[in-house]
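Visitor: no sequence on this one, just coordinates:
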């Protein structure tokens, strides 16, 4: 490389960060009521980190929205509340339980609430008239996500229409939408799981403790290590073991599995991710195993 | 060397492009076991004897059902030397729309041909679109080389024909490489093939790993389209006012004299802020916040630029457009133009030329531009825009055309006479 006095954005993480910040600022400039989807997971925590950097020294000019299945890990909720307080953020919580209680949703026979999040999400977007909704989705996660734009238009029913996507050219994002429509925005589109972790290490981003190795009572179901919680526990014949595990993704406890791991800090997690032979969703998410097009189908309905 | 390469792939139907992309992912171990399991299961369901690697790529239900790729997909793979962002652009349905989209961010284009068929009309058109968008380098992957018995002469004829065509489009010899590959069997994709002893060049992956990426020119005057004005109005920062944006050209340094477009007001860079602390200088591509020495009225859509080189703003745009909408473009159309961070009203005052995609010839003063057609237009904008020629700077020389009613993206626009690149030969009048 030629000598230069200027700090040039050639390294990959700096370039990804610059792109993410640019996306946040475009939305702040073009939309009236943006919101950041926030679950307390690593991708949404990274989203928030980028948002804070994009508007520093001003506070983040959008609230957070958590669609709460009620099937959370305590550590994650505590982490969420601490982060909200530390940065003086506004948090909107949509409790899936309320939708079940008043009959707008019915509990599924398998007890999983991940697929139930779509209705509360869309209802809350409508109620608050959110016009831009930031999500932590990455194109490397799944085949249907690989086809999604950074600015992804949703129709008045919140649905994704893959065949009617707008072409996305250069970095000229088009946020135009009609009343009732909204745009999902994915600032991490071009990041990979490894990029996320190496950036977390570089920036010293704090994460919920369940991402790192800890001792936990788990039982095996459908090839995943599940743990007891508000979503239920082992069924007859499901033996409980105490294992050293960590989580690669954070979701509904009923369908998010732990992986056996000794990776207790970010550096060892990175080594593990580099060596892994399974995707994070394939390893630990039952909801993606339903069919070849499980994610596409959920996205069409308006899922994250 | 840059650790990131953005590339776009293009090919005709059945050239095996999805298989090639699948092969790149597979051979760089970017495909993890569960994804491969899913492909193997799906391949068995379809009655195939070997895993169909294209299933790694074709993500939408209708794509798998029809066995075709419909929409641009983005893929990520890495080797110890480089990370790759690959825009996989389908060849048949709406190919200009998809190729233009993929090429708009690409530093290299990989074109695929079937060794049995050679260079097709569509190959030429894809190359022309990549040239139009200013993609600096091309690779021709001559696929299915196994089906022509690894015949050197067949490859040589195709390679020669393509490099000649690329030269006519303005590509220097060193900017174009032809590689004989079998995506199905893996020959010369990531591993050198023992069956092409006559080929001494790099494998496709070796080439992608080592090809130089042109850095952004540094000796150009800097530009910062203002995205957002940061005004905390907090106890700690009661009077802070910073102009946030991503540098689209040049390098800005603390103390630089600046001019604001369109107001023409001048000031000086007091500080280049980031959340990690101030920088002495920042180059093209960085997202920064400028604090100026004077209180000026600056808002989103304005451009802060080097005072040593004041950009000329114009409300008459002479541009090449790639029309991406089913609704045809006619002279007199009222549209929106987004350039940088500014969106303005505009009218199409004249349709100058249309470039025929089938014949790659041009027609003067056409009645309309249809979906996937490329043409020269004149636009008048409601406010002057500080544009550059696309061939000088793709970031400040590009714009999109938006339908005012429903907000759809109608066209990709390139400022200035970029078509001579094509006009030399392929698109001559």
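Guide: Thanks, I have the structure now. Owing to the predicted nature of the structure, the values given are computational and were not obtained by experimental measurement.
Visitor: where does the closest residue to residue B:308 other than its chain neighbours fall, phi/psi-wise?
Guide: Counting by C-beta to C-beta, 6 or more residues apart in numbering or on different chains, residue B:308 lies nearest to residue B:221, which is 6.2 Å off, once chain neighbours are set aside. Where C-beta positions appear, they are placed from N, C-alpha and C, glycine not excepted. With angles defined as degrees, to the nearest 10, residue B:221 sits at phi -60, psi 140.
Visitor: ok, how many other residues are close to residue B:221?
Guide: 16 (other C-beta atoms under 10 Å in any protein chain shown).
Visitor: I'd guessed it sits against residue B:304; true?
Guide: No: counting by C-beta atoms under 8 Å, residue B:221 stays clear of residue B:304, with 11.3 Å between them.
Visitor: now the strands for chain A?
Guide: Per DSSP state E, chain A carries strands over the ranges A:34-37, A:64-68, A:91-95, A:132-134, A:151-154, A:182-185, A:214-221, A:224-226, A:240-246, A:259-260.
Visitor: quick one, what contacts the residue positioned nearest the centre of chain B?
Guide: By C-alpha atoms, centre = their mean, the mean C-alpha position of chain B lies nearest to residue B:104, the distance being 1.8 Å. Going by C-beta atoms under 8 Å, 6 or more residues apart in numbering or on different chains, residue B:104 touches A:169-170, B:133, B:394, B:398, B:412.
Visitor: Isn't residue A:96 up against residue A:118?
Guide: No: at 10.2 Å, residue A:96 and residue A:118 do not qualify as touching, with contact defined as C-beta under 8 Å.
Visitor: Spatially, what comes nearest to residue A:202 if we skip its sequence neighbours?
Guide: Counting by C-beta to C-beta, 6+ apart, the nearest residue to residue A:202 once its immediate chain neighbours are dropped is residue A:13, at 6.1 Å.
Visitor: before we move on, what about residue A:23?
Guide: residue A:187 (4.2 Å).
Visitor: Equivalent analysis for residue B:252, please.
Guide: In space, residue B:252 is closest to residue B:222, 4.4 Å off (C-beta to C-beta, 6+ apart).
Visitor: show me what contacts the one you found?
Guide: Contact analysis of residue B:222 by C-beta under 8 Å, 6+ apart lists B:247, B:249-252, B:256, B:284, B:305-306.
Visitor: same question, residue A:111
Guide: Neighbour list for residue A:111: A:231-232, A:254 [criterion: C-beta under 8 Å, 6+ apart].
Visitor: ok, now residue B:231?
Guide: Per C-beta under 8 Å, 6+ apart, neighbours of residue B:231: A:58, B:240-242.
Visitor: ok, of these, which one's closest to residue A:22?
Guide: Lowest distance from residue A:22 to the contacts of residue B:231 (C-beta to C-beta) belongs to residue B:242, with 15.2 Å.
Visitor: Please report phi then psi for residue B:123.
Guide: According to degrees, to the nearest 10, residue B:123 has phi -60, psi -40.
Visitor: count of neighbours near it?
Guide: The burial count for residue B:123: 25, using other C-beta under 10 Å.
Visitor: in what helix or strand does the residue lying farthest from the centre of chain B lie?
Guide: Using C-alpha atoms, centre = their mean, the residue of chain B lying farthest from its centre is residue B:235. It sits 44.4 Å away. For residue B:235, there is no enclosing helix or strand under DSSP states H and E.
Visitor: The helix or strand encompassing residue B:139: which residues count as buried?
Guide: Residue B:139 belongs to strand B:137-143 when assigned by DSSP H and E. For strand B:137-143, the neighbour count (16 or more other C-beta atoms under 10 Å in any protein chain shown) marks B:137-143 as buried.
Visitor: Serialize the residues you listed to JSON lines and add fields for pLDDT and distance to residue A:105.
Guide: Shown next, in JSON lines, are the buried residues of strand B:137-143 (pLDDT from 0 to 100; distance: C-beta to C-beta, whole Å):
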{"residue": "B:137", "pLDDT": "95", "distance to residue A:105": "53"}
{"residue": "B:138", "pLDDT": "96", "distance to residue A:105": "53"}
{"residue": "B:139", "pLDDT": "97", "distance to residue A:105": "51"}
{"residue": "B:140", "pLDDT": "97", "distance to residue A:105": "54"}
{"residue": "B:141", "pLDDT": "97", "distance to residue A:105": "50"}
{"residue": "B:142", "pLDDT": "97", "distance to residue A:105": "55"}
{"residue": "B:143", "pLDDT": "96", "distance to residue A:105": "50"}
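Visitor: Of the residues you listed, which is the nearest to chain A?
Guide: Nearest to chain A among these is residue B:137, at 17.8 Å by C-beta to the nearest C-beta.
Visitor: Tell me what residue B:243 is bridged to.
Guide: Note on residue B:243: beta-bridge partners residue B:229, residue B:290, judged by DSSP bridges.
Visitor: Return the residues in contact with it.
Guide: Residue B:243 neighbours (C-beta under 8 Å, 6+ apart): B:224, B:226, B:229-230, B:289-292, B:298, B:304.
Visitor: now residue B:322
Guide: B:96-97, B:100, B:129, B:132, B:372-374, B:411-413.
Visitor: Over to the residue nearest to residue A:90 when sequence neighbours are not counted: give its phi and psi.
Guide: Nearest non-adjacent residue to residue A:90, counting by C-beta to C-beta, 6+ apart: residue A:63, 3.9 Å away. According to degrees, to the nearest 10, the main-chain angles of residue A:63 amount to phi -80, psi 170.
Visitor: since we're on residue A:63, how many residues are nearby?
Guide: Based on other C-beta under 10 Å, the number of other residues close to residue A:63 is 17.
Visitor: same thing with residue B:307?
Guide: The burial count for residue B:307: 15, using other C-beta under 10 Å.
Visitor: next one: the one 4 residues further on
Guide: For residue B:311, the tally of surrounding residues (other C-beta under 10 Å) stands at 19.
Visitor: still on that earlier bit, quick one, what contacts the residue nearest to residue A:202?
Guide: A:195, A:198-199, A:202.
Visitor: if we take those residues, which one ends up nearest to residue B:204?
Guide: Of all these, the one with the least separation from residue B:204 (C-beta to C-beta) is residue A:195, at 23.6 Å.
Visitor: And the pLDDT at the closest one?
Guide: Looking at residue A:195, its pLDDT stands at 91.
Visitor: what's the distance between it and residue A:213?
Guide: Distance of residue A:195 to residue A:213, given as C-beta to C-beta, to the nearest Å: 22 Å.
Visitor: And residue A:70, by the same measure?
Guide: 26 Å.
Visitor: more neighbours, the two?
Guide: residue A:213 (22 against 16).
Visitor: Looking at residue A:229 now. What's its pLDDT?
Guide: 81.
Visitor: Then residue A:293?
Guide: Residue A:293 is given a pLDDT of 60.
Visitor: check contacts around the closest residue to residue A:221 other than its chain neighbours.
Guide: The shortest distance from residue A:221 to any non-neighbouring residue, by C-beta to C-beta, 6+ apart, is to residue A:238 (6.3 Å). Residues counted as contacts of residue A:238 (C-beta under 8 Å, 6+ apart) are A:219-221.
Visitor: could you dump the residues you listed to a markdown table with distance to residue B:162, neighbour count and pLDDT?
Guide: What follows is the contacts of residue A:238, written out as a markdown table (distance: C-beta to C-beta, whole Å; neighbours: other C-beta atoms under 10 Å in any protein chain shown; pLDDT from 0 to 100):
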| residue | distance to residue B:162 | neighbour count | pLDDT |
| --- | --- | --- | --- |
| A:219 | 59 | 17 | 91 |
| A:220 | 55 | 14 | 88 |
| A:221 | 55 | 15 | 86 |
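Visitor: was I right about residue B:345 contacting residue B:333?
Guide: No: shown here, residue B:345 and residue B:333 do not form a contact pair, counting by C-beta under 8 Å, at 11.4 Å.
Visitor: So for those two, which residue has more residues nearby?
Guide: Shown here are residue B:345 and residue B:333; by other C-beta under 10 Å, residue B:333 has more neighbours (20 against 13).
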